[in-house]
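[1] following is a predicted model, sequence given first.
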Amino acid sequence: MIKLHKSNMEVYVMNKIFKDWNLFEKILLFMSIILITISGFITKSEILTVLTSLASILCALLQAKGKVISQFVGVLVIILYSIVSFRNQYYGEVIIYVLVLLPMYLVGIYSWITNTNDDTNTVKQSNLSKKEWIFLGFLNIILFGVLYCILKSLNTSELVVSTLSMLASLMANYLIVRRNKYSFLFYLINDMILVALWGIPVLKGEFSLIPLLMDPILLLISDSYGLKNWNKNEKNL
C-alpha cells in the first residue's frame, strides 16, 4: 500500500509539472539534461555542479510557462548555486543569493500563489509604473557602487563581471516576484554575463565547471522563449 501511495504521488507531481508542456519545451528540457549530464561526465564535474545546472534549467522553463512551482524550484537553485559559488570564491554571488534572492523567492512563492489563474494554473502578469522604473534605475546605479566596494573588500574573483551579474540577477528576480514580463529581459542580460563569469575559469583550465558554463548558454534559449511566451499571454489577457 505504501509503494502504491508513493507511486500515485509521483504520477501526480509529474502531471502537475509536465502536463501541458509542448513539443519545443520537452525537447529543450531533454536536450539540456543530455548536454549538461554528458559534459559533466566527460569533465568529471561534481554531482552538485551538474544538479545545480539541471535545476536552473527546469526553473527557467517553469517560469517561462508561468508555473507557480517554479518559485519552489528556484529556492532549490539558490541553495545549490550558493554552495558552488562559495567553492569558487564568487562571494558576491553567495551574498546576493542567500541574503537577497532567497528572501525574494520566498516572497515570490506567496505572490505567485495568491495571483494564480485557476483556469490555466499560471501566474497573473502585472505591470510597473514609470515612477517605479525610474526609481529602479537610480537604485541600480547606487547598488553598483556599493556592491563593487563590498566585493572588492572580499577579494571576489572577476570583480566587475560579478558585480554586473548581481545587479542583473537582482533586477530579474525582483521583476519575477512582481510577475512582470521584463524579468526575462534581465535574465537574458544575466545569462550573457554568466557566460563570461563561468567562461573565464573554464578558459583558464577549470574544465569541471563546463556544466555551469553550458547552463547560461541554454538559459539564453529558455529565457528568450519565456519573454516571447509572456508577451503572447499578455496579448491574450
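    That came in fine, so what should we check first?
[2] in the chain, where is pLDDT below threshold?
    Residues of the chain that meet the criterion pLDDT under 70 lie in 1-18, 92, 235-237.
[3] top helix in it by residue count?
    helix 210-235 (DSSP state H).
[4] and that helix, what does it pack against?
    Packing partners of helix 210-235 (3 or more CB pairs under 8 Å, 6 or more residues apart in numbering; DSSP states H and E): helix 23-42, helix 47-64, helix 183-203. C-beta coordinates here come from the backbone N, C-alpha and C atoms, glycine included.
[5] and that helix, which residues are buried?
    For helix 210-235, a neighbour-count test (16 or more other CB atoms under 10 Å) marks 210-227, 229-230, 233 as buried.
[6] stretch 20-37 now?
    Under the neighbour-count criterion of 16+ other CB under 10 Å, stretch 20-37 has 25, 28-29, 32-33, 35-36 buried.
[7] from the chain's centre, how far out does the longest helix of the chain sit?
    Chain-centre distance of helix 210-235: 10 Å, with CA atoms, centre = their mean, to the nearest Å.
[8] also stretch 187-195?
    10 Å.
[9] 8 is where my numbering starts, stick with that
    Shifting the count to begin at 8 puts that one at stretch 194-202.
[10] got the contact list for that stretch?
    67, 168, 171-172, 175-176, 179, 183, 220, 222-224, 226-227, 230-231, 233-234 (CB atoms under 8 Å, 6 or more residues apart in numbering).
[11] again, but for stretch 121-128
    With contact meaning CB under 8 Å, 6+ apart, stretch 121-128 is reached by 73-75, 129-131, 133, 186.
[12] is residue 102 in contact with residue 157, as I believe?
    Yes. The pair residue 102 and residue 157 passes the contact test of CB atoms under 8 Å, sitting 7.4 Å apart.
[13] the two: which is more packed in?
    Between residue 102 and residue 157, counting by other CB atoms under 10 Å, residue 102 is the more crowded of the two (20 against 15).
[14] please identify the helix or strand for that one.
    In this assignment (DSSP states H and E), residue 102 forms part of helix 98-103.
[15] look up the closest residue to residue 171, ignoring the ones flanking it.
    Leaving out its chain neighbours, the residue that sits closest to residue 171 by CB to CB, 6 or more residues apart in numbering is residue 200, at 5.3 Å.
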